[in-house]
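Enquirer: Give me a 3D structure for the following:
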Amino acid sequence: MQEVIQFLNDNTTVFVATIEDGKPRVRPFQFMFEEGGKLYFCTNNTKDVYNQLKHTPFIEFSATSPSFAWVRVSGEVQFSDDVGIKEKILEKRPLVKSIYKTADNPIFEAFYIEHGKAILADFSGNPPKVVNF
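Expert: Prediction:
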């Protein structure tokens with residue numbers, strides 16, 4: 001799991017796929033942090049992506065490095081009302097803080113991946129590494 005976390009810390013922009021009207025929808029997200037084996041993200045509860053995740057709480061996302069290594073992660077989304085998690089997001093990500101200002105902002109939503117699977121791969125010819133979390 002440490003290799004997955006390091007990869008995401010080094011390559012924080014990920015491309016998240018959800019389902020909208022039975023079709024895939026992809027958009028960029030920023031990885032926030034890992035805590036307790038959970039990969040955290042955030043969004044706004046007035047966005048379509050929030051409604052998509054509430055309706056179908058499964059996602060897959062991918063990130064790539066400048067050397068063309070990549071990670072693909074899939075799992076189930078669980079929303080968190082933990083103010084401490086939201087405060088940590090605001091501390092770690094100035095852009096997010098500039099948008100939501102405070103952890104108790106009513107539109108600010110934090111979520112994490114549960115029952116996850118990560119696949120780390122590259123063009124080296126070595127087999128991909130699979131990590132379940």
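Enquirer: Would you confirm that residue 24 contacts residue 15?
Expert: No - Residue 24 lies out of contact with residue 15 (CB atoms under 8 Å); the separation is 11.0 Å. Any C-beta I mention is one placed from the backbone N, CA and C, and that applies to glycine too.
Enquirer: need the helices for the chain, in chain order.
Expert: Per DSSP state H, the chain carries helices over the ranges 2-10, 48-55, 83-92, 94-100.
Enquirer: Make CSV out of those and add distance to residue 133 and mean neighbour count.
Expert: Listed next are these as CSV, based on distance: least, CB to CB, whole Å; neighbours: other CB atoms under 10 Å:
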stretch, distance to residue 133, mean neighbour count
helix 2-10, 8, 14
helix 48-55, 19, 16
helix 83-92, 17, 17
helix 94-100, 23, 13
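Enquirer: Looking at those helices, which is nearest to residue 120?
Expert: helix 2-10 (6.2 Å; CB to CB).
Enquirer: what's in contact with the closest one?
Expert: Here helix 2-10 makes contact (CB atoms under 8 Å, 6 or more residues apart in numbering) with 14, 31, 33-34, 39, 63, 65, 69, 71, 73, 118, 120, 129, 131, 133.
Enquirer: circling back: residue 106: which of the helices of the chain is closest?
Expert: Using CB to CB, the nearest of the helices of the chain to residue 106 is helix 94-100, at 9.8 Å.
Enquirer: Just name whatever secondary elements the closest one is in contact with.
Expert: strand 38-44, helix 83-92 (3 or more CB pairs under 8 Å, 6 or more residues apart in numbering; DSSP states H and E).
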